[in-house]
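Engineer: one predicted model, sequence on top.
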Amino acid sequence: MTDAALTRGLDLFLVEENTVDAIELETILEDLGHRVVEVAASLGQALDRLEESADEIDGVLLTPRLVGRSARPLVLRLSRLGIPYVVLTDSPHMALRRMGFRAPRLAQHAPPAAVARALRDLTAIAPPRRAGFARL
């Protein structure tokens, strides 16, 4: 994807169990010109909302664990749909790979510049799903 698509803004799905962290990240994303179109705090919520909104989502930011459960089922579904994701965690990259997450990583409470870099990484994986871009 081009920087022009990032300038236009992405439609994002935020999956974070901590409400304060979700609000903080949503504010940063909106300040960067993106839209958070869905938010979920549990694996069940995330899977349900993905089912309802998959065609509207350009990418997902998610934590690897949700209320004590692995987010791997969500990641597998995202992979099948061709929707890229970024993992929100302070865990080292290799630890994430051992848990089965193969995606860009964004540290919790990252500054806006780091969030912008993570979104560039996300869009390098797959183009946006709207504005005439083909689905994967």
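Structural biologist: Ah, there it is.
Engineer: tell me where this protein has helices.
Structural biologist: Applying DSSP state H to the chain gives helices spanning 3-8, 19-31, 43-53, 72-81, 93-98, 112-125.
Engineer: least reliable of these going by mean pLDDT?
Structural biologist: When mean pLDDT is averaged over each of the helices of the chain, helix 3-8 scores lowest at a mean of 54.
Engineer: possible to save the helices of the chain as TSV with distance to residue 60?
Structural biologist: To be clear about C-beta, it is placed using only N, CA and C from the backbone, and glycine gets the same treatment. Formatted as TSV, the helices of the chain follow (distance: least, CB to CB, whole Å):
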stretch	distance to residue 60
helix 3-8	16
helix 19-31	12
helix 43-53	8
helix 72-81	6
helix 93-98	15
helix 112-125	9
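Engineer: adding mean neighbour count, write those out as TSV.
Structural biologist: Output for the helices of the chain, formatted as TSV (neighbours: other CB atoms under 10 Å):
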stretch	mean neighbour count
helix 3-8	12
helix 19-31	15
helix 43-53	16
helix 72-81	16
helix 93-98	12
helix 112-125	16
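Engineer: of the ones you listed, which is nearest residue 66?
Structural biologist: helix 43-53 (4.7 Å; CB to CB).
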